[in-house]
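>>> Kindly generate the corresponding structure for this input.
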Amino acid sequence: MKRGFVNGLLHDLEAPIEARGFGTGWFSGFFALVFAIAGFCFVAALRWPEWFAMPQLGPVRGWAGFRIVIHLTLLAAYGLALLSLLLRPRKALGATALVVALLATLLGGAAVQPHETRSWGIFFGIDFFALNMIATGLMFAPIERIFPHRPAQRLFRAEWREDLFYYLVSSMLVQLITFLALAPSSFIMASTSNFGAFRAMVGAQPWLLQFVEAMFLTDLVQYWFHRAFHRWPFLWGFHAVHHSAKSMDWLAGSRMHFVEIILLRGVTSLPLLTFGFAPSVMQAYVAMVYIYASLVHANLRGNFDTLGRFVVIPRFHHWHHGIEEVAIDKNFAIHFPWLDRLFGTHYLPPGEWPSGYGVSEDVPRGYRAQLAYPFRRRAR
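From the prediction side, this is the model:
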């Protein structure tokens, strides 16, 4: 019965276009589920902060209005779930959202108090996952429906389950990923204590100048990092997992091998930490990158040729994922396309989009198979 309910929910999420238009209860059920999951994550983080909450998000959880936000989130989940149950012949979406919202309420809802737990010294960032989901999912999912580049592409398209799992894992394991990614920066910081005066000078610059410098330095480092993952066969095995997505949308950007996530974040943190940028600059840059990565992968129409001369736009990055031979090993920059023009890897024909996405090799489906793929690929 449990498997039947799960299959019913997945079938409802993947319903054809004619079964999920306005007035069918699909959108109310979908947003009810998003709000219910976010509310449940927030409540769990407040109830068991040692297990499920990021210490860095302590100021957010301590904000006086945070519990009001939780209360409104759960109310929205209840209201939208009931609307979906009334409108939709299939009840899986609305029923699931209602059950998750009820569980959050039974845990204490907006009035939940911390439950005494034993600290393991590690945590799973479900509060980070919920904030990330709201900041990106609730922003890009509606925009992609209103301004789609490929109108026929569904929100829950093929392989969405794998990509959502990547999204969840990278959020939940944020502590482990951060620890491994910051190891090189921590070593360099400990070995270059005599650079204190230089770091103080960098940190004393105007905030906006520091932010632009951080974007430039990280993009320069990531350009060559990205290019290396395309050039060296063993590294390409990890990056091929990211390129194996056959559809481009805001969620596709989260498909990234665990090893590549650690290496990429480690490389990104090097200039941010070792050059002495202000902590608020680093935090703002990280927040911007999460949203920007979703944007450049998004299923959004618009050529933006003029803007694309200065900053990376979705069409520029879509060509990086294109299956055409002319698109292979092109457009490595993350923020500034002039880096590709400078190093001879720029490709952005005016007004044109790639005909499809993916890689020629047979990257397996499923998170576990893709986790092992780079090592099996090398052995083969």
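>>> what mean pLDDT does stretch 254-262 have?
Computed over stretch 254-262, the mean pLDDT rounds to 91.
>>> which residues touch that stretch?
162-164, 166-167, 169-170, 177, 180-181, 229, 238-239, 241-242, 244-245, 264, 370-371, 374 (CB atoms under 8 Å, 6 or more residues apart in numbering). All C-beta atoms are positioned from the backbone trio N, CA, C, and that covers glycine.
>>> in it, what counts as buried?
254-262 (16 or more other CB atoms under 10 Å).
>>> And that stretch, end to end?
End-to-end distance of stretch 254-262 (CA to CA, to the nearest Å): 13 Å.
>>> Now flag whichever of the buried residues of stretch 254-262 is closest to residue 345.
residue 260 (19.3 Å; CB to CB).
>>> so that closest one is in which element?
Residue 260 is located in helix 258-274, with elements delineated by DSSP states H and E.
>>> Name the next helix or strand following that helix along the chain.
Next element after helix 258-274 (DSSP H and E): helix 279-297.
>>> so what does that following helix touch, helix or strand wise?
helix 138-146, helix 207-231, helix 258-274, helix 314-320 (3 or more CB pairs under 8 Å, 6 or more residues apart in numbering; DSSP states H and E).
>>> who touches it?
Looking at what lies outside helix 279-297 - CB under 8 Å, 6+ apart - the contacts are 132, 135-136, 139-140, 207, 210-211, 214-215, 218, 248-253, 268, 272-273, 312-314, 316-317, 334-335.
>>> any idea of the mean pLDDT in stretch 294-304?
Stretch 294-304 comes out at a mean pLDDT of 92.
>>> May I see the buried residues of it?
294-301.
>>> can you redo those residues as a markdown table with distance to residue 190?
Below are those laid out as a markdown table (distance: CB to CB, whole Å):
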| residue | distance to residue 190 |
| --- | --- |
| 294 | 34 |
| 295 | 36 |
| 296 | 35 |
| 297 | 36 |
| 298 | 40 |
| 299 | 44 |
| 300 | 43 |
| 301 | 49 |
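>>> Can you tell me which of those residues comes closest to residue 365?
residue 297 (18.7 Å).
>>> for the closest residue in space to residue 140 that isn't next to it in sequence, phi and psi?
Once flanking residues are discounted, residue 140 sits nearest to residue 250: 3.6 Å by CB to CB, 6 or more residues apart in numbering. Torsion angles at residue 250 (phi, psi; degrees, to the nearest 10) stand at phi -60, psi -30.
>>> Report the contact partners of residue 250.
Counted by CB under 8 Å, 6+ apart, residue 250 has contacts 136-137, 140-141, 144, 294-295, 297-299.
>>> So which of the residues you listed is the closest to residue 72?
Proximity of the contacts of residue 250 to residue 72 (CB to CB) peaks at residue 137, which lies at 17.4 Å.
>>> That closest one: what's it in contact with?
34, 250-251.
>>> can you put those in JSON lines and add distance to residue 198 and pLDDT?
Formatted as JSON lines, those follow (distance: CB to CB, whole Å; pLDDT from 0 to 100):
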{"residue": "34", "distance to residue 198": "45", "pLDDT": "91"}
{"residue": "250", "distance to residue 198": "38", "pLDDT": "91"}
{"residue": "251", "distance to residue 198": "40", "pLDDT": "90"}
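>>> from the residues you listed, which single one is nearest residue 364?
Nearest to residue 364 among the contacts of residue 137, with distances taken as CB to CB, is residue 251, at 19.1 Å.
>>> Which phi and psi values does the closest one adopt?
phi -80, psi -20.
>>> what ranges do the helices span in the stretch 51-200 of the chain?
58-62, 66-87, 92-106, 126-132, 138-146, 160-172, 174-191, 196-203 (DSSP state H, counting those that start in this stretch).
>>> which one of the ones you listed has the lowest average pLDDT?
helix 174-191 (a mean of 71).
>>> quick one: contacts of that one?
With CB under 8 Å, 6+ apart as the criterion, helix 174-191 contacts 54, 122-125, 128, 170, 258, 261-266, 268-270, 272-274.
>>> Now, of the residues you listed, which are buried?
Counted by 16+ other CB under 10 Å, those give 54, 123-125, 128, 170, 258, 261-266, 268-270, 272-274 as buried.
>>> ranking the helices of the stretch 51-200 of the chain by burial, who's on top?
helix 126-132 (a mean of 23; mean count of other CB atoms under 10 Å).
>>> Just the C-alpha atoms of that one, please, in CSV.
Output of helix 126-132 as CSV, limited to C-alpha atoms (Å, rounded to 0.1, in the frame of the first residue of the first chain):
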residue,chain,number,x,y,z
ILE,A,126,17.7,20.4,6.5
ASP,A,127,17.1,24.1,7.4
PHE,A,128,19.7,24.9,4.6
PHE,A,129,17.8,22.6,2.2
ALA,A,130,14.5,24.3,3.0
LEU,A,131,15.9,27.8,2.6
ASN,A,132,17.7,26.7,-0.6
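>>> Run through who's touching it.
37-38, 41-42, 44-45, 52-54, 57, 60-61, 167-168, 171-172, 174, 290.
>>> contact partners of stretch 346-354?
By CB under 8 Å, 6+ apart, the list of residues contacting stretch 346-354 reads 149, 303, 305, 308, 315-316, 318-319, 321-324, 326-327, 330-331, 337, 340.
>>> Just the endpoints, please. Distance across that stretch?
14 Å.
>>> Next, the buried residues of that stretch.
Neighbour-count burial for stretch 346-354 [16+ other CB under 10 Å]: 346-348, 353-354.
>>> for stretch 228-246, same thing?
229-230, 235-245.
>>> how near is residue 265 to residue 61?
Distance of residue 265 to residue 61, given as CB to CB, to the nearest Å: 24 Å.
>>> where does the nearest residue to residue 297 once chain neighbours are set aside land in three-state SS?
Take residue 297 and drop its neighbours on the chain: the residue closest to it by CB to CB, 6+ apart is residue 253, 3.8 Å away. Of the three states, residue 253 takes helix under DSSP: H, G, I helix; E, B strand; the rest coil.
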